[in-house]
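Engineer: this one's sequence-less:
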């Protein structure tokens, strides 16, 4: 495996992306500690993201709202506006692409670029160009931190070292000294459970981790991921494996007044239709649909409930909704009266590409399937033409906060269609 002798990758991470986009778009929020919340009207939620002013006072992302308000009573709550974040992401991407081609979009607020010869010779100037384009053409309230290193993994770690609005350059000849003081939770690929496993193996710091052998790392992780991490941390040109699509799904925390069977069911119908739309756009069929519920009785959290229903390689709305009806009938029989449904989620799984779909020889569903696929495609066509959910199977009433299927997503970049 090749080991570069110079920097080859840039990793960029926007600082407090959701909060900074809100501040750039709304002057009244600038300079204030703000927290992004799913929707108005309840204290039973979390701060999804917060501004640098809020972070300076001790507020953290994914913190309970009650805890955040105790730390920062002046915290300004801002309901999420995911379509604004989507548009900001696309605008920022265009500005960066005008300076250097974006190699990979890792999330809505992170990306990676491959460096050219001139960029390698003067990374400071490249970082200045990118930041200037964003400042001048998007606005000064959206900033980014940039890391340079021999590979993508090291560049990602480096870009976290000087936040916000920093630049960190880790040349191969300086490594691994900059990494040695870092805790394990600063290293992508090492979570809380993995850290415990490392401790049990007598590995307590980065120095001892880097001193392990690749095969030992593979054994600790239980798969090739550990060995790949070893090579990445040692500066080798490790190429990230392309991830495979495994499912399409959506979840939603329900406002307090909708935590009942009827409203929860209506919400899952819309979530499932939106997931099915995404699945059709990417040309997949599903063979199973899952539904899961988070429950509460009074102030006590109950154990969650889930079920699944078999599909016969379907992607039309009618087949998905029939399966959902069967699962809700099961839920009504299984769950006690008076239970509150706090959160709902649906997932379409066991995917098959549309060009490789094979039917069960004992199930002759072609005439019915083709009819409902044609109806669903006609509905999709009308909605696409008019840019909204003009035609749906059943009621289409968004809950408070809207954004079903188009909510904040760190790993998936929403499309305009997700907000119909």
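Structural biologist: Structure's in. What do you need? Because the structure is a prediction, the values reported are computed rather than measured.

Engineer: For residue 147, give me its contacts.
Structural biologist: 10-13, 154-161, 167-170 (CB atoms under 8 Å, 6 or more residues apart in numbering). Bear in mind the C-beta positions are built from the backbone N, C-alpha and C, glycine included.

Engineer: Show me where this protein dips below the pLDDT cut-off.
Structural biologist: Along the chain, segments meeting pLDDT under 70 span 42, 240-243, 299-301, 357-366, 400-412, 420.

Engineer: Give me the domain ranges for it.
Structural biologist: Annotated domains of the chain cover 14-148, 248-419 [automatic domain parsing].

Engineer: closest one to residue 204 among those?
Structural biologist: domain 14-148 (25.2 Å; CB to CB).

Engineer: what's the first-to-last distance across the closest one?
Structural biologist: 15 Å (CA to CA, to the nearest Å).

Engineer: can you list the domains of the chain in a markdown table and add distance to residue 201?
Structural biologist: Shown next, in a markdown table, are these (distance: least, CB to CB, whole Å):
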| stretch | distance to residue 201 |
| --- | --- |
| domain 14-148 | 28 |
| domain 248-419 | 29 |
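
Engineer: so which of these gets nearest residue 232?
Structural biologist: So among the domains of the chain, domain 14-148 is nearest, using CB to CB, at 13.0 Å.

Engineer: for the domains of the chain, which one sits closest to residue 226?
Structural biologist: Using CB to CB, the domains of the chain put domain 14-148 closest to residue 226, at 20.6 Å.

Engineer: Sketch out the helices for the stretch 151-300 of the chain, chain order is fine.
Structural biologist: According to DSSP state H, counting those that start in this stretch, the stretch 151-300 of the chain carries its helices in the segments 152-159, 192-200, 206-210, 214-221, 224-233, 261-281.

Engineer: Could I get the buried residue list for the last one?
Structural biologist: Residues of helix 261-281 classed as buried: 263-280 (neighbour count, 16 or more other CB atoms under 10 Å).

Engineer: repeat for stretch 160-175
Structural biologist: The neighbour-count check on stretch 160-175 (16+ other CB under 10 Å) flags 160-161, 163, 166-172, 175 as buried.

Engineer: Quick check: of these, which lies closest to residue 53?
Structural biologist: For the buried residues of stretch 160-175, the nearest to residue 53 is residue 163 (14.3 Å; CB to CB).

Engineer: from what I can see that closest one touches residue 13, true?
Structural biologist: Yes. Using CB atoms under 8 Å, residue 163 is in contact with residue 13, at 7.5 Å.

Engineer: joint contacts of those two?
Structural biologist: Here residue 163 and residue 13 share the contacting residues residue 145, scored by CB under 8 Å, 6+ apart.

Engineer: sorry, back to before: which two of the buried residues of stretch 160-175 have the greatest separation?
Structural biologist: Using CB to CB, the buried residues of stretch 160-175 span at most 22.9 Å, a distance reached by 163 and 172.

Engineer: what about residue 336, how many neighbours?
Structural biologist: By other CB atoms under 10 Å, 8 other residues sit near residue 336.

Engineer: pretty sure it belongs to a strand, no?
Structural biologist: No. Assessed with DSSP: H, G, I helix; E, B strand; the rest coil, residue 336 is coil; it does not lie in a strand.

Engineer: In contact with it, which residues are there?
Structural biologist: residue 297.

Engineer: same question, the one 3 residues further on
Structural biologist: Residues touching residue 339, when contacts are defined by CB under 8 Å, 6+ apart, comprise 295-297, 302.

Engineer: From the residues you listed, list the buried ones, please.
Structural biologist: Neighbour counting over the contacts of residue 339 (16+ other CB under 10 Å) leaves 295, 302 as the buried ones.

Engineer: What about the contacts of residue 339, which are in strands?
Structural biologist: 295-297, 302 (DSSP state E).

Engineer: And stretch 110-118, what's buried?
Structural biologist: 110-113, 115.

Engineer: Distance to residue 348 for these - can I get that in TSV?
Structural biologist: Output for the buried residues of stretch 110-118, formatted as TSV (distance: CB to CB, whole Å):
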residue	distance to residue 348
110	27
111	28
112	29
113	34
115	39
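
Engineer: Please look at residue 100 and residue 130 and confirm they touch.
Structural biologist: Yes. When contacts are counted by CB under 8 Å, residue 100 is listed as touching residue 130 (7.2 Å).

Engineer: And the two? Which one has more around it.
Structural biologist: Each of residue 100 and residue 130 has its neighbours counted (other CB under 10 Å); residue 130 has more, 22 against 18.

Engineer: Report the separation between the residue nearest to that one when sequence neighbours are not counted and residue 111.
Structural biologist: Excluding the flanking residues, the one nearest residue 130 by CB to CB, 6 or more residues apart in numbering is residue 99, at 5.2 Å. Between residue 99 and residue 111 the computed distance is 12 Å (CB to CB, to the nearest Å).

Engineer: What's opposite residue 249 in the beta bridge?
Structural biologist: On the basis of DSSP bridges, residue 249 is bridged to residue 347.
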